[in-house]
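Undergrad: using only what follows, build the 3D model:
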Amino acid sequence: MNKAELITLNFPVEVAGRLIDQVSLSRPTVKHLMSFDKAEGDMAKMVSLVADLADLMPAEINAIDASDFMRLSTVVEGFLDGGTENGGT
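TA: Got it, this is the predicted structure:
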């Protein structure tokens, strides 16, 4: 049931010699939300949550183009809204 979403970045980045051109986001658990709650500020919270769900470091998320980050954030928000595929309305 922990379906992941694979997002191809429009603007791939290289961080510490590693090319990041796709990000796989897993569905969040309560543990992820508790970690999210500890960060200070809305942007820091979303960076922390996206990094957690993508199994990336926050510094790697910080290097991603803003438009790609917004796409990743939209996917995360969709997970939290509960979409129709998992019983939401």
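Undergrad: not counting sequence-adjacent ones, nearest residue to Ile7?
TA: Excluding its sequence neighbours, the residue lying closest to Ile7 (C-beta to C-beta, 6 or more residues apart in numbering) is Val23, at 5.1 Å. (C-beta placed from N, C-alpha, C; glycine too.)
Undergrad: can you check the pLDDT for the one you found?
TA: What the model reports as pLDDT for Val23 is 98.
Undergrad: tell me which element it falls in.
TA: Under the criterion of DSSP states H and E, Val23 resides in strand 18-25.
Undergrad: roughly how far does the residue nearest to Ile7 sit from Glu5?
TA: For Val23, the distance to Glu5 equals 9 Å [C-beta to C-beta, to the nearest Å].
Undergrad: quick one: contacts of stretch 12-25?
TA: With contacts defined as C-beta atoms under 8 Å, 6 or more residues apart in numbering, stretch 12-25 is touched by 4-9, 50, 53-56, 59-60, 63-65, 72, 75-76, 79.
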